[in-house]
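In: Could you look at this predicted model? Sequence included:
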Amino acid sequence: GTPSGHPDTVLPGWTGSMTPESEQLVQQSWSLVSQRSMALAERFYGRLFEIAPEQQRLFAVTDMLNQQRKFIAMLQEIVRRIGTPDQLVPEVAALGARHVGYGVTAKDYAVVGEALIWALEQELGPAMTPELRQAWKEAYLLTARLMGRGADVRPAAPVTED
């Protein structure tokens, strides 16, 4: 099986890398949506807690406004470096390792992806074509895989509450 915290969702026929066309679609759509990035973040977390109420435990003591800003900053960075995944690896792998510590599991990656695509659809409206949806799925999978690498290098110790 896959280790805890490792995303195991793969798109049929997806090779694990993005085409230049997909990268361009993601970057162009991000320039449309980034002006409304806080609305996107709000929609994302709202949807996440709706489809996976148990996720709220991960954010029990979190300043959500600050969390939304971090989420957008990370998305921005991923979009910026999507064509050069080697530059993205250290940062995203570290993010994956941190998320193991927060108690994130493989199943959580799937609902996060679902919430992200939904939030993007809401913000982009008719601009969210099937091709663009596929490109964002690929971008998310690439990120989730890189995070999964980081999750693997960190021993999955139980999280203890103080």
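Out: In hand now; what should we look at?

In: Excluding covalently adjacent residues, which one is nearest to Asp108?
Out: Gln55 (6.9 Å; CB to CB, 6 or more residues apart in numbering). Bear in mind the C-beta positions are built from the backbone N, C-alpha and C, glycine included.

In: Which residues are in contact with the one you found?
Out: For Gln55, the contacting residues are 48-49, 108, 111, by CB atoms under 8 Å, 6 or more residues apart in numbering.

In: how about the residues you listed, which pair is most distant?
Out: Farthest pair in the contacts of Gln55 (CB to CB) is Phe49 and Asp108. Separation: 12.5 Å.

In: So for those two, which sits in the more crowded spot?
Out: Counting neighbours by other CB atoms under 10 Å for Phe49 and for Asp108 shows that Asp108 has the greater number, 21 against 14.

In: per-residue confidence for that one?
Out: As predicted, Asp108 sits at a pLDDT of 75.

In: I figured it hits Ala52, correct?
Out: Yes - counting by CB atoms under 8 Å, Ala52 is a contact partner of Asp108 at 7.4 Å.

In: Quick check: buried residues in the helix or strand encompassing Leu75?
Out: Here Leu75 is covered by helix 64-80, with elements defined by DSSP states H and E. For helix 64-80, burial by neighbour count (16 or more other CB atoms under 10 Å) applies to 68, 71-72, 75, 78-79.

In: All good on my end, thank you.
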